[in-house]
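Trainee: Need the 3D shape of this:
(one chain, ligands or ions: 1)
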Amino acid sequence: MFIGHFAVAFGAKKAAPRASLGTLILASQFLDFLWPILVLLGVEHATIEPGNTVVTPLNFTDYPVSHSLLMALIWSAVVGGAYWIVKRSVNIALILAGCVTSHWVLDALTHRPDLPIAPGVPAMVGLGLWNSFAGTVVVEFALFVAGIWLYVRTTAARDRIGSIAFWAFAAFLLVSWLGNLFGPPPPDVRAVAWISVLMWLLIPWAVWIDRHRVLRA
Ligand SMILES: [Zn+2]
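Mentor: Numbers count the residues shown, from 1 in each chain. Below is the predicted model:
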């Protein structure tokens with residue numbers, strides 16, 4: 001899943017209006033922010049295998065540190081705990097932890113059974129929505145629209161940047177997603193990992209957007 005994870009961050013703004021959109025994206029995409037770093041370090045592995053599922057040519061051969069259920073729960077505690085230490089809000093810390101966990105749940109819906117339960121445990125899960133192109137498009141796009149709708153209902157642009165930077169961000173996500181869906185398979189996994197590392201830049205972009213938007217009454 002790609003834009004569905006961002007949808008969670010947009011939607012979570014309604015539940016945690018005082019949390020920055022950047023923080024919410026860090027949480028909802030946390031496992032995918034870790035993954036490329038672990039791949040580049042040689043800790044986790046993937047191969048390019050067109051036809052692996054209808055939607056993605058990526059074959060996630062092993063990624064227990066970033067994408068096992070046990071580690072997802074631990075990362076949820078780490079992200080929520082770090083927020084609590086810095087900002088002392090239990091409420092927002094719990095919502096951020098929920099955002100991190102949601103990533104694993106949504107991945108379990110979309111991936112074929114390649115998601116580990118825990119490092120070293122052979123059992124894998126995945127309901128395989130990625131085996132249906134139409135199903136993937138409908139579910140992800142519906143989530144995305146719902147998330148955007150909640151965010152726009154919760155916040156209003158304070159100035160032109162608050163509007164333009166936000167809609168440019170939404171358009172960028174949509175175009176990147178369509179590129180993944182309809183573009184040619186990437187040349188190799190390292191290229192995918194480097195592009196994914198650049199996704200970290202979406203966090204300051206989202207922080208910038210949020211600073212130019214205000215909460216609606
Ligand atoms: Zn993921």
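Trainee: Who are the contact partners of residue 15?
Mentor: residue 95 (C-beta atoms under 8 Å, 6 or more residues apart in numbering). The C-beta positions use only the backbone N, C-alpha and C, and glycine is treated the same way.
Trainee: Not including adjacent chain positions, what is the nearest residue to the spatially most central residue of the chain?
Mentor: For the chain, the residue nearest the mean C-alpha position is residue 29 (3.0 Å; C-alpha atoms, centre = their mean). In this structure, residue 29 finds its nearest non-sequential neighbour in residue 5, 5.2 Å apart by C-beta to C-beta, 6 or more residues apart in numbering.
Trainee: ok so, going back, okay, the residue nearest to the centre of the chain and residue 54: tell me how far apart.
Mentor: As defined by C-beta to C-beta, to the nearest Å, residue 29 lies at a distance of 23 Å from residue 54.
Trainee: List the buried residues in stretch 43-50.
Mentor: By neighbour count, with 16 or more other C-beta atoms under 10 Å as the criterion, the buried positions of stretch 43-50 are 44, 46, 48.
Trainee: what mean pLDDT does that stretch have?
Mentor: Stretch 43-50 comes out with an average pLDDT of 96.
Trainee: and the one helix or strand residue 4 maps to, is it in reach of the ion?
Mentor: Applying DSSP states H and E as the criterion places residue 4 in helix 3-15. No - for a cut-off given as C-beta under 5 Å from the ion, helix 3-15 has no contacts with the ion; the smallest distance is 7.1 Å.
Trainee: Contacts for whichever helix or strand comes after that helix, please.
Mentor: As assigned by DSSP H and E, the chain's next helix or strand after helix 3-15 is helix 21-28. Under the contact criterion C-beta under 8 Å, 6+ apart, helix 21-28 has outside partners 5-6, 8-10, 12-13, 16, 33, 79, 83, 96-97, 99-100, 102-103, 151, 202-210.
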